[in-house]
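# Sequence unavailable; structure follows:
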């Protein structure tokens, strides 16, 4: 019986905690250390880097981290797998070899995975990258690699690849379930400290010291595909069923979580608290992957700029109306109106305020145009020339600049067999990996059986967040909001109360958008997908919170009629004090 494979994470995004790699290598036993550096916005940033210099296009932070940690990883026998290669995994692999030589670290075997770049098929896109699975990573590790760098693989592939290589998973009966278990573990690890108490809805129930510096997560993967999510002893943060549930719901949707390796059934996941900072993930079923691979496309959408007017004191609405009319008049007279002009008034002011800041509201003007001049010089002229001739107390948070380019993200799909997934082994051998096994077209599973509603009783108007947690995020132009509860009685109430109609009442921004509700009884969770709320994706900055990170917390802050029995059963939350 093969022992568990200990896989840690040291990065959830490009720019995450720099010293996490060293902390993870020195903090406890590991077999593999992964790093997730890529996101939709990151690919756009790397694409712009590549325009300036064709040899760039990878995450430079990863190299700087390796400069401190390469020798340490070799000494401890820890393999490193990261998608930091971005748009140039071969270039990063060469840079790692050069770094090893410069540092005098002998015997480092570096491999990389390529084939995700589909720019030739989408010539009008700045970047076009297929989401590959873990097969290339597995081939590199089986070929003796110590370090594997990739381009655009799925985040979970950083775990499925090492697990498949270690346990010998392939196309045998049951391997789909095992791979699905690894996908779930990979999804829990991918965002780093979000699995160990970071960004957690019920953070107020924990001590401030636990929250200061959460440790990064570790998954102990077993041969049957089950895992235990934990962290190194003595590190900050905490791991419980709630933190793992929250991360499982992050940027997912329904019961079928599709990927290039396998479709994992999230409705089969069982979470069990095994002890302090140890949560077992078991029971995950897998299905054949879909026949197509997702392709992320980033395009330059034009130029964007904004200015925020500060409206202080009385008659806020009238002041906002005046400056809007003045700016629109200036656009008209100068024949320089940007193609897209959006105004948003945030009533952050309070009556009889004790500070000027709390007596002020913010009027945000955002403009977009295919050309830079209408959002730069034209906006500056229209907005700032009003300084002495507009509403009383006129000032802005900062003058508008020249305007910056913004990106547009969209997803496309290509047939799996048409993508050349290549593992470039340490000796330079190129191994092309054919799409093996069958595929299964994704279909709606239908509505699961719901529990009986909670019996009637007295209710009290209160915030949803007193009984429910939430975590939200972005997928292209859509946002998802995962909502979960911690008791069976709360679940019986939530699943019948928080319908699509109620969600739209609580989140008016979604009132005219398509909202899809997914029910996950095993997790006592609902997952709402709000289609199109983020416009053309995070890089287009279509709303105040462009990645929908706070959407779930807004939902938790909304009031509705909650059974008194549930409110009384909720543990009191003491104020959190944070002391460094």
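Alright, I've got the coordinates. Nothing here was measured: the structure is a model prediction, and the numbers come from that model.

# rest of the way, CA atoms for contacts and neighbours
OK.

# in this structure, which segments are predicted with low confidence?
Applying pLDDT under 70 to the chain picks out residues 1, 171-173, 571-580.

# Go through it and flag its longest helix.
Counting residues, the longest helix in the chain under DSSP state H turns out to be helix 316-334.

# What residues does the nearest residue to residue 419 once chain neighbours are set aside make contact with?
Once flanking residues are discounted, residue 419 sits nearest to residue 115: 6.7 Å by Cα to Cα, 6 or more residues apart in numbering. Going by Cα atoms under 8 Å, 6 or more residues apart in numbering, residue 115 touches 419, 420, 421, 422.

# Buried residues in the longest helix of the chain, which are they?
Neighbour counts over helix 316-334 (16 or more other Cα atoms under 10 Å) mark 316, 319, 320, 323, 324, 326, 327, 328, 330, 331 as buried.

# Please apply the same query to stretch 79-98.
In stretch 79-98, counting by 16+ other Cα under 10 Å, buried: 79-93, 96-97.

# now do stretch 496-510
By 16+ other Cα under 10 Å, the buried positions in stretch 496-510 come out as 497, 498, 500, 503, 504, 506, 510.

# for residue 260, phi and psi?
Backbone torsions for residue 260, taken as degrees, to the nearest 10, come to phi -70, psi -20.

# for it, what are its contacts?
131, 132, 133, 289, 290, 293.

# let's see it at 6 Å
Contacts of residue 260 were listed using Cα atoms under 6 Å, 6 or more residues apart in numbering, and they are 133, 289.

# quick one on the thing from earlier: show me which pair in the buried residues of stretch 496-510 is furthest apart.
Spatially, the most separated pair among those is 497 and 510, at 17.4 Å (Cα to Cα).

# Toward the C-terminus from the longest helix of the chain, list the very next helix or strand.
Downstream of helix 316-334, the next assigned helix or strand under DSSP states H and E is strand 340-346.

# about what we covered before: so of the buried residues of stretch 79-98, which ones are in helices?
In helices, judged by DSSP H, the following of the buried residues of stretch 79-98 are found: 89, 90, 91, 92, 93, 96, 97.

# Pull out the buried positions in stretch 437-450.
The neighbour-count check on stretch 437-450 (16+ other Cα under 10 Å) flags residue 439 as buried.

# same question but for stretch 123-133, I mixed them up
Using 16+ other Cα under 10 Å as the test for burial, stretch 123-133 gives 125, 126, 127, 128, 129, 130, 131, 132, 133.

# And stretch 484-497, by the same measure?
Under 16+ other Cα under 10 Å, the buried positions of stretch 484-497 are 484, 485, 486, 489, 490, 491, 492, 493, 494, 495, 497.

# Apart from its chain neighbours, what residue comes closest to the first one?
The shortest distance from residue 484 to any non-neighbouring residue, by Cα to Cα, 6+ apart, is to residue 525 (4.1 Å).

# What backbone torsions are found at the one you found?
Torsion angles, degrees, to the nearest 10, at residue 525: phi -140, psi 150.

# and it, how many neighbours does it have?
Residue 525 has 25 neighbours, counted by other Cα atoms under 10 Å.

# Now do it against residue 557, distance only.
Relative to residue 557, residue 525 is positioned 18 Å away (Cα to Cα, to the nearest Å).

# With residue 326 as the reference, measure out to the nearest residue to residue 392 once chain neighbours are set aside.
Of all residues not flanking residue 392 in the chain, residue 319 sits nearest, at 8.0 Å (Cα to Cα, 6+ apart). Separation of residue 319 from residue 326 (Cα to Cα): 11 Å.

# Next: residue 224.
67 Å.

# Repeat that for residue 84.
Residue 84 sits 48 Å away from residue 326, going by Cα to Cα.

# For the residue nearest to residue 484, name its beta-bridge partners.
residue 484, residue 520 (DSSP bridges).

# Distance of residue 470 relative to residue 247?
Distance, residue 470 to residue 247, using Cα to Cα: 10 Å.
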